[in-house]
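>>> 3D model of this:
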Amino acid sequence: MKYLILLLAIVTLLTVGFGLRRKKKNSQEREKLSWPKENSSVAEARKVLENRDPWEIAAWLTAHFPSSKEIWPNLKTACHELGLEGIYLGALGERNAKRDLALEVLALIGSEKSLPLLFELLTNREERISFLACQTIVRLGLIEAVPYAVDALLFPSRILPARSGEILTAFGSEAVPYILKALPQADSRGKIQILELLGELKDKNSLPGLESCLTDPEGDVRAQAVTGLSHFPEAGPMLLRALKDSHWKVQAAAARGLGKLKYKEAVPYLQKLSSAEDWHLKTSAEEALEEIAAANQAYVKEDK
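Numbers count the residues shown, from 1 in each chain. Below you'll find the predicted structure:
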């Protein structure tokens, strides 16, 4: 009797184990067949997705596509037609894991209509959420985001300038025309932010805008324009003129810039400035002269 019970137990275990393996195999086969393929039409992708839970779709999308550029166009269109973008945008107001997943998936399928809410999320008091929203905007790569970022830079009362700057920097030269257009509208604080950004972008199309601010009434604005121009070798003559500015910050920035550019024509003017009573001017001029001299020595050694 004992042997019979033992035999029945073994048979039961084998049967259950076989059933579980078969169920797992069938589940894996269904998984392979239940998601759109790269060659699926919009209608086919939509038919497959419409029976799925939106958050299951979100998890699948984020696991399979590293960026919006890799996602298949027909799949993205199907997601839009099913209204998934709206569902994920609606979750941005929640305070749970869904919000994080929504931000991640919106970076893949988001459109221009996602931008207002994403920029609103940049104002979130939770640093992590503000950062994730910023990353979502950058990953989306929509040029329509640039005007929003420029406006935020002009009126930084709610959105940190660093967030706007990060977004605009990600677009590089594409953002420059929008930034230059906004420059005349900005107040002194906004101009300083914009000029700093233009210098970092190092786009030659920025030169006219930077140069135009050398005559700004505010000394801090002129100084930031000089700092921005210091990134461009062709700006040497402009910096030389700025060396004669009446504001010490502008003069000091010009001296540093001329040293950075190794602008030899500035040596007589820097030598004169190195005798200034103002410590900032004297130090800036001396350091610039050292940089130019070092560059000239290196040039002579290479020539030999």
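>>> any idea how far the closest residue to V105 other than its chain neighbours is from L92?
Nearest residue to V105 in three dimensions, chain neighbours excluded: A58, at 4.2 Å (C-beta to C-beta, 6 or more residues apart in numbering). All C-beta spots, glycine's among them, are computed from the backbone N, C-alpha and C. Per C-beta to C-beta, to the nearest Å, A58 is found 13 Å from L92.
>>> And for T77?
Separation of T77 from L92 (C-beta to C-beta) stands at 22 Å.
>>> Can you pick out the residue with more neighbours from the two?
Using other C-beta atoms under 10 Å as the criterion, T77 and L92 rank with L92 on top: 20 against 15.
>>> Isn't the more buried one up against E104?
No - using C-beta atoms under 8 Å, L92 is not in contact with E104; the gap is 11.7 Å.
>>> Run through the protein and note the low-pLDDT ranges.
Where the chain drops to pLDDT under 70, the residues are 1-33, 298-304.
>>> follow-up on the earlier one: which secondary structure elements does the helix or strand encompassing the residue nearest to V105 contact?
Secondary structure assignment for A58, by DSSP states H and E: helix 54-64. Here helix 54-64 touches helix 84-90, helix 97-109, going by 3 or more C-beta pairs under 8 Å, 6 or more residues apart in numbering; DSSP states H and E.
>>> will you turn these into CSV that also has distance to L140 and mean neighbour count?
Formatted as CSV, the helices and strands packed on helix 54-64 follow (distance: least, C-beta to C-beta, whole Å; neighbours: other C-beta atoms under 10 Å):
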stretch, distance to L140, mean neighbour count
helix 84-90, 11, 18
helix 97-109, 6, 21
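>>> Using CSV, please lay out those helices together with distance to I143.
Shown next, in CSV, are the helices and strands packed on helix 54-64 (distance: least, C-beta to C-beta, whole Å):
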stretch, distance to I143
helix 84-90, 18
helix 97-109, 16
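>>> nearest to E265, of those helices?
With respect to E265, and counting by C-beta to C-beta, the nearest of the helices and strands packed on helix 54-64 is helix 97-109 at 49.0 Å.
>>> Just the CA coordinates for the closest one, please, in CSV.
Extracted in CSV, the C-alpha atoms of helix 97-109 (Å, rounded to 0.1, in the frame of the first residue of the first chain):
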residue,chain,number,x,y,z
ALA,A,97,5.3,54.3,-10.1
LYS,A,98,2.9,54.9,-12.9
ARG,A,99,4.1,58.5,-13.2
ASP,A,100,7.7,57.3,-13.6
LEU,A,101,6.7,54.8,-16.3
ALA,A,102,4.5,57.4,-18.0
LEU,A,103,7.5,59.7,-18.3
GLU,A,104,9.6,56.9,-19.7
VAL,A,105,7.1,55.8,-22.3
LEU,A,106,6.3,59.4,-23.3
ALA,A,107,9.9,59.8,-24.2
LEU,A,108,9.2,57.2,-26.9
ILE,A,109,5.7,58.0,-28.2
